[in-house]
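>>> Got a predicted structure plus its sequence, pasted below:
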Amino acid sequence: MAHPAIAEIEDLSFAYDRRPVLHGIRMRIPRGKVVAIMGQSGCGKTTLLRILLAALRPTQGRARVLGADTATLERDALYALRRRMGMLFQFGALFTDMSVFDNVAFPMREHTDLPASAIRDLVLLKLEAVGLRGAAALMPSVLSGGMARRVALARAIALDPELILYDEPFTGLDPIAMGVVGRLIRQLNDLLGATSVVVTHDVAETLPLVDYVYFMADGRVLAEGAPDEVRRMRVPFVEQFVSGAREGPVPFDYPAPAYAADLGLAEPVAA
């Protein structure tokens, strides 16, 4: 029996002013799963994540998230929806003038009426989950990239969200930090009973930890499937993306006149 969907996108298109970005997107995010949205830079992945977050509204089609049609939500209902979601921004986006403790406590102080003692215990619990309880008093400026990303993850799960969104969580991390963050995404999703959507272009780190993958190019979904299915796909774009090959439907060279013409040289004359 299929898992119920926590989010569904139906025939969705989106444009910034008159510039189309997404075209006829259909997706289903099952509850309790980790789902990746993959593709090269500029293909519309982050725009789609913002639509799931209800920060953008579809130009056409519909996005249903946690049972709500995001295009119809008034302000209070929109804030209530976001209260049930967590977001890990690219590069973490920590508040640089707040300590690690205060960064994680921020959503609790903003969205709950919990006493300070309860917030303290919860913050330490979240930091313990990402292995950084001992760093609670540090400032973001002294953290490594991997530590900062883990603090941002602790903040993203501060309110025990049902849906967690990750925007390029592996960007800029060394291999050890990438492995740590990847394992945390999977473990925290399962421990919290949450659902996760990971926007990324990192194939090696992502395929082992997710349950399902959507591949995007030029604002469209070109292929989808479980990781094992993806590796066996004979879709040219997917094959090139997964293998990192230079040759394929995504060209290495940007269109240009003949090199000799650009240099002002005469074309060679055939003998």
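Received it, and whenever you're ready, just let me know what you need. Numbering: from 1, shown residues only.

>>> Ile6 and Asp121: what is the separation?
The spacing between Ile6 and Asp121, counted by CB to CB, to the nearest Å, is 28 Å. Backbone N, C-alpha and C define where each C-beta goes, glycine included.

>>> Which one of those two is surrounded by more residues?
For Ile6 versus Asp121, the count of surrounding residues by other CB atoms under 10 Å is larger for Ile6: 23 against 12.

>>> pLDDT score for the more buried one?
Looking at Ile6, its pLDDT is 89.

>>> isn't it right next to Pro161, touching?
No - using CB atoms under 8 Å as the test, Ile6 is too far from Pro161 to be in contact (10.8 Å).

>>> Does Arg28 lie in a helix or a strand, and which?
Assessed by DSSP states H and E, Arg28 sits inside strand 19-30.

>>> So what touches the following helix or strand past that strand?
Moving toward the C-terminus from strand 19-30, the next helix or strand (DSSP H and E) is strand 34-38. For strand 34-38, the external contacting residues (CB atoms under 8 Å, 6 or more residues apart in numbering) are 27, 29, 45, 48-49, 185-186, 189, 195-201, 203, 206-207, 209-216, 241.

>>> I'd like the list of these that fall within strands, please.
Within those, residues falling in strands by DSSP state E are 27, 29, 195-200, 212-216.

>>> sorry, back to before: and the contacts of strand 34-38, which are buried?
Buried by 16 or more other CB atoms under 10 Å: 27, 29, 45, 48-49, 185-186, 189, 195-201, 203, 206-207, 209-216, 241, out of these.

>>> still on that earlier bit, now the angle from the strand holding Arg28 to strand 212-217?
Strand 19-30 and strand 212-217 are oriented at 170 degrees to each other (axes from the mean of the first three to the mean of the last three CA atoms, to 10 degrees).

>>> buried sites along strand 19-30?
By neighbour count on 16+ other CB under 10 Å, the buried set for strand 19-30 is 21-23, 25, 27-30.

>>> again, but for stretch 140-149
140, 143, 146-149.

>>> Pull the most distant pair out of those.
Farthest pair in these (CB to CB) is Pro140 and Gly146. Separation: 12.8 Å.

>>> As a markdown table, the ones in strands among the contacts of strand 34-38 with distance to Tyr16 would be great.
As requested, those are exported to a markdown table (distance: CB to CB, whole Å):
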| residue | distance to Tyr16 |
| --- | --- |
| Met27 | 20 |
| Ile29 | 24 |
| Thr195 | 28 |
| Ser196 | 27 |
| Val197 | 21 |
| Val198 | 24 |
| Val199 | 18 |
| Thr200 | 22 |
| Tyr212 | 28 |
| Val213 | 26 |
| Tyr214 | 21 |
| Phe215 | 22 |
| Met216 | 17 |
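
>>> In CSV: those residues, plus distance to Thr171 and pLDDT.
Formatted as CSV, the ones in strands among the contacts of strand 34-38 follow (distance: CB to CB, whole Å; pLDDT from 0 to 100):
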residue, distance to Thr171, pLDDT
Met27, 22, 92
Ile29, 22, 92
Thr195, 22, 93
Ser196, 17, 93
Val197, 16, 94
Val198, 12, 92
Val199, 10, 90
Thr200, 8, 86
Tyr212, 22, 93
Val213, 18, 92
Tyr214, 19, 92
Phe215, 18, 86
Met216, 17, 85
